[in-house]
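Undergrad: sequence first, predicted model second:
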Amino acid sequence: MLSFDLPGFGASDKGPDYYSPSAYARFIRYITERYAKRPFHLVGHSMGGAIVLRYSADHPEDIERLVLVDVAGVLHRTAYARMLATAWATEHVVSDERFGGFLDRMVNKFITKAEGIAGLGNEYLARKLIEHELIEAQPQVVAAYTLANEDLSDALLRIHGPVLMLWGEEDKIAPLRTAKVLKVRLPQARLITFAGAGHSPMSEVAAPFNRELLAFLSAAEPEPMRAGAA
């Protein structure tokens, strides 16, 4: 098994960069070319789900099985982007309730700018605008901008291999209705939900989660994902 902290999060470097799903997909490609034997299983949780969808669409020949866990920011990108920016601002900027109005205005300004950038269709230009707006910004805020700028509709159309979706029924960040809509977009996917679990079922209901995950990954070997496969 190969696991790593994405740039900007965990124990990785947190320099100013364009933390988008597409950029992260390129980072995963860099890592897997050096340390992984192809084809491989790919698992993504929350924003990581958006990242592995992008990777799977860009490199279908690499993927044997895809696992999506409580994917956030795919179908309702702006809502999740607002959540990321609000969480960062609450922790690092202000926490006093008296500043709630200021906080909302600041976050709304960030997301409004992100929505404008989303229509540009040019990653280089979007990156430059974000750098201008968020000089020395924390990765969480940059991720909020870039997630709102990333349209994964095309990626969903290019995912044709085996997919397992694992979801907490009480998820408030990526509600279960999101899973049901995503399932329609990925008709070959199998959706399994966990009662009483929220956004992180792998830790909240570890035993049943691991049982379903391992059963899926250890099933009979499928053909690797192929672009345009039925």
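TA: Perfect, I can see it now. Owing to the predicted nature of the structure, the values given are computational and were not obtained by experimental measurement. Numbering: from 1, shown residues only.

Undergrad: strands along the protein, start to end?
TA: 40-45, 63-69, 163-168, 190-194 (DSSP state E).

Undergrad: quick one: low-confidence parts of this structure?
TA: The chain contains residues with pLDDT under 70 at 15-18, 75-149, 220-230.

Undergrad: could the strands of the chain go into CSV alongside mean neighbour count and distance to residue 5?
TA: Bear in mind the C-beta positions are built from the backbone N, C-alpha and C, glycine included. Formatted as CSV, those follow (neighbours: other CB atoms under 10 Å; distance: least, CB to CB, whole Å):
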stretch, mean neighbour count, distance to residue 5
strand 40-45, 19, 13
strand 63-69, 23, 17
strand 163-168, 24, 21
strand 190-194, 16, 25
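
Undergrad: out of these, which gets nearest to residue 24?
TA: strand 40-45 (9.7 Å; CB to CB).

Undergrad: show me what that closest one is packed against.
TA: helix 47-58, strand 63-69 (3 or more CB pairs under 8 Å, 6 or more residues apart in numbering; DSSP states H and E).

Undergrad: returning to what we had before: would JSON lines of the strands of the chain with distance to residue 25 be doable?
TA: Converted to JSON lines, the strands of the chain look like this (distance: least, CB to CB, whole Å):
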{"stretch": "strand 40-45", "distance to residue 25": "10"}
{"stretch": "strand 63-69", "distance to residue 25": "12"}
{"stretch": "strand 163-168", "distance to residue 25": "17"}
{"stretch": "strand 190-194", "distance to residue 25": "23"}
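
Undergrad: now the terminal residues of stretch 40-49, how far apart.
TA: With CA to CA, to the nearest Å as the measure, the ends of stretch 40-49 fall 16 Å from one another.

Undergrad: same question for stretch 176-195.
TA: End-to-end for stretch 176-195, by CA to CA: 11 Å.

Undergrad: got the buried residues for it?
TA: 178-179, 182-183, 186, 189, 191-194 (16 or more other CB atoms under 10 Å).

Undergrad: so what touches it?
TA: Stretch 176-195 is contacted by residues 68, 70-72, 74-76, 156, 159-169, 201, 204-205, 208-209, 212, 216 when judged by CB atoms under 8 Å, 6 or more residues apart in numbering.

Undergrad: what's the ChimeraX line that selects buried ones from those?
TA: To isolate the buried members of the contacts of stretch 176-195 in ChimeraX, using 16+ other CB under 10 Å:
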select :68,70,71,72,74,75,76,156,159,160,161,162,163,164,165,166,167,168,201,205,209,212,216
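
Undergrad: quick one on the thing from earlier: farthest-apart pair in the buried residues of stretch 176-195, please.
TA: With CB to CB as the measure, no two of these lie farther apart than 186 and 194, at 18.9 Å.
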